[in-house]
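# 3D model of this:
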Amino acid sequence: MTSVNRWVVADEQHAAMYLGVLLNQVRLTFAAEDWKGLRQSHFRVLFSVPAEGVSITELAERVGMTKQGCGQFVSQLTDEGYLTQAADPRDRRARVVRRTAAGRRMVIRVTARNLQIEQQWADEVGADRYAVFRSVLHQLASLE
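Residues are numbered from 1 along each chain as shown. Predicted coordinates for the structure are as follows:
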């Protein structure tokens, strides 16, 4: 496991730094594997598309991107066959983004890989400690 200690003085380490190290581990793990050119930023967009679909404007808000930036990711994911875009029947000016079957399969694959990484972390610190850690993260992220 990568240590934060190499980079920062002990009294300057904080939770956000530790989380950043863990996220970087995930990023590096995925970067070393074949994900057909997709990166974590693509996955974040793909995971934020609900089954009923979403407008690019709402999707951009969900992932914390500009509408233009999100639109570029949606275009890439559409070109690769993971998303579709269609006119919104309620407002022909808007486009509704939905996952394709390939997009749903990719979400399942990415989720499975993330769970493997989490299992490695649980193995390192113990299942009980990891369960508490994950529960606290869940609560802090206001997902409950």
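# can you pull out the helices in the chain?
Ranges of helices in the chain, per DSSP state H, are 15-31, 40-47, 56-63, 67-79, 101-125, 127-140.
# Let me have the ones you listed in a markdown table, adding mean pLDDT and mean neighbour count as columns.
Placement of C-beta: from N, CA and C, glycine included. Output for the helices of the chain, formatted as a markdown table (pLDDT from 0 to 100; neighbours: other Cβ atoms under 10 Å):
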| stretch | mean pLDDT | mean neighbour count |
| --- | --- | --- |
| helix 15-31 | 91 | 12 |
| helix 40-47 | 95 | 18 |
| helix 56-63 | 95 | 17 |
| helix 67-79 | 96 | 16 |
| helix 101-125 | 97 | 14 |
| helix 127-140 | 95 | 12 |
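# For Arg93, which of these is the nearest?
With Cβ to Cβ, the closest approach to Arg93 among the helices of the chain belongs to helix 56-63: 10.9 Å.
# Relative to Pro89, which of the helices of the chain is closest?
With distances scored as Cβ to Cβ, the stretch of the helices of the chain nearest to Pro89 is helix 56-63 (16.0 Å).
# Can you check what angle separates that closest one from helix 67-79?
100 degrees (axes from the mean of the first three to the mean of the last three Cα atoms, to 10 degrees).
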